[in-house]
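J.: One predicted model, sequence on top.
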Amino acid sequence: MELINYLNQYFYTRQELLALTKVTEADFARFQAGAVMPKCSYKLNLQLCSDSFFGVHTDEQVIEYYAKGYASWLVLLQHVGSADEVFSIFSRRYRQTLSELQAQGHHADSTKLTSELDSHLQQEWQHFLAGIYGLCTRTGLPEDIAAKELAVLEINQLTACDDLSAEQIIKLTAAVDLLDAASALFAPHERAKSSRHRLIDEVRRRYQLAPANVVATV
């Protein structure tokens, strides 16, 4: 039940998503076939068995779960034309988030975010469409994806140093807080092996960093 409770709290089922956005099943299938709408992040295959006065009843259900941020993405898709246009929007929002975070002082020495950014964005787009970021970020949207990528690079870079200065500890704290704000909580069975556990919980414990007060956005 823990898993189902988690999914019902932080995700929309496919039916909920379509009802909320007024998108038909046919249009939704078209968006996914056209490689502009992400796949589900979780799929539950349920085998149900009930026993009552009327006897035993069995049933099977498949429930797809999508990040809540995909409601706004679906609304966007109804007003955009080609897949190239949709990718351009994804790319622009990703780049804009990187610029804003870098202006705030976040930085990572990685060619992923500089000379190789174009090819990196293509990879990020594929992960987005596969539903991966709907699972591991709070919204599944380009803003959280960019923040997560930059924060992970920052944390890995800083923790590779043997002895951090006071200034580096401040930067590490900011990077961990950024990842905390962008990262999903993960399903109960996934948490111990998740990036959240490794790069937030363990880093805070190792460097005795105070946790930030993060308000859930979903």
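T.: Right, received. Where do you want to start?

J.: what is the residue most central in space within the chain paired to in the beta sheet?
T.: For the chain, the residue nearest the mean C-alpha position is T137 (2.3 Å; CA atoms, centre = their mean). Per DSSP bridges, the residues bridged to T137 are S183.

J.: Quick check: it touching A182?
T.: Yes: T137 is in contact with A182 according to CB atoms under 8 Å; the separation is 5.5 Å. From N, CA and C alone the C-beta is placed, and that goes for glycine too.

J.: Now do the shared contacts for these two.
T.: 144-145, 148 (CB atoms under 8 Å, 6 or more residues apart in numbering).

J.: Please enumerate the helices of the chain.
T.: 2-10, 14-21, 25-33, 70-77, 83-103, 117-129, 132-136, 142-159, 166-182, 195-196, 202-207 (DSSP state H).

J.: V62 is nearest to which of those helices?
T.: helix 14-21 (9.5 Å; CB to CB).

J.: Now do that closest one against helix 2-10, angle only.
T.: 10 degrees (axes from the mean of the first three to the mean of the last three CA atoms, to 10 degrees).

J.: list the buried ones in helix 14-21?
T.: Within helix 14-21, the residues scored as buried using 16 or more other CB atoms under 10 Å are 14, 17-18, 21.

J.: Nearest to Q47, out of the helices of the chain?
T.: helix 2-10 (13.8 Å).

J.: which stretch among the helices of the chain comes nearest S52?
T.: Nearest to S52, of all the helices of the chain, is helix 2-10, at 21.4 Å by CB to CB.

J.: quick one: that closest one to chain centroid distance?
T.: 16 Å (CA atoms, centre = their mean, to the nearest Å).

J.: quick one on the thing from earlier: could you flag which of the shared contacts of T137 and A182 are buried?
T.: For the shared contacts of T137 and A182, buried by 16+ other CB under 10 Å: 144-145, 148.
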